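# Quick one: sequence and predicted model below, then my questions.
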Amino acid sequence: MSEPPKVPPRRADYAWFRPITARWMDNDVYGHVTNAHYYSYFDTVINQYLIERGGLDPRSSPLVSFVVSSSCDYFRPVAYPDGLEVGLRVDRTGKSSVHYGVAVFAAGDDAARAAGKVVHVFVDRQTSTSVRIPEPIRQALEAIAGGARP
């Protein structure tokens, strides 16, 4: 028995949005953004949020966050020079980990073109051992938990 088709998430399912500019090099021979670039979009927006809202300084912070799991479902293609927006929310926060929901939208669209999940674990920069999420970052993550608007 086959699974029913997945339904693209809606814009209202995400709490924080940032524009992304697709680049010419993101397109593949088929004329749309190749799947690997979606992960780059996810990573960019997640880290932008951690820097802007959580106060993370990726160059000097004693901790960093590693991606330990990621996935993406694709619903409709996008292509350069489409204007894109990436939505972000937090689905779950643990002691040292966070599960994000992310989605790529064509500018102005209500339905996601692609949606995924990313799991970060916060680790000590020197030892690569997991550490508790610092309070300022935890508060920033809680602000977008479950799609809540900050």
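Nice, I can see it. Numbering: from 1, shown residues only.

# if I pick the spatially most central residue of the chain, what's in contact with it?
Most central in the chain under Cα atoms, centre = their mean is residue 42, positioned 3.6 Å from the mean C-alpha point. By Cβ atoms under 8 Å, 6 or more residues apart in numbering, residue 42 lies in contact with 70, 72, 86, 100, 102, 116, 118. C-beta coordinates here come from the backbone N, C-alpha and C atoms, glycine included.

# what's the answer for residue 81, then?
Going by Cβ under 8 Å, 6+ apart, residue 81 touches residue 22.

# Next, it: secondary structure please.
coil (DSSP: H, G, I helix; E, B strand; the rest coil).

# Likewise for residue 52?
Classification of residue 52 using three-state DSSP returns helix.

# follow-up on the earlier one: how far away is the residue nearest to the centre of the chain from residue 79?
18 Å (Cβ to Cβ, to the nearest Å).

# got it, and residue 52?
Counting by Cβ to Cβ, the gap from residue 52 to residue 79 is 28 Å.

# Also residue 21?
On the measure of Cβ to Cβ, residue 21 and residue 79 end up 13 Å apart.

# The two: which has the busier surroundings?
Between residue 21 and residue 79, residue 79 has the larger neighbour count (other Cβ atoms under 10 Å), namely 15 against 11.
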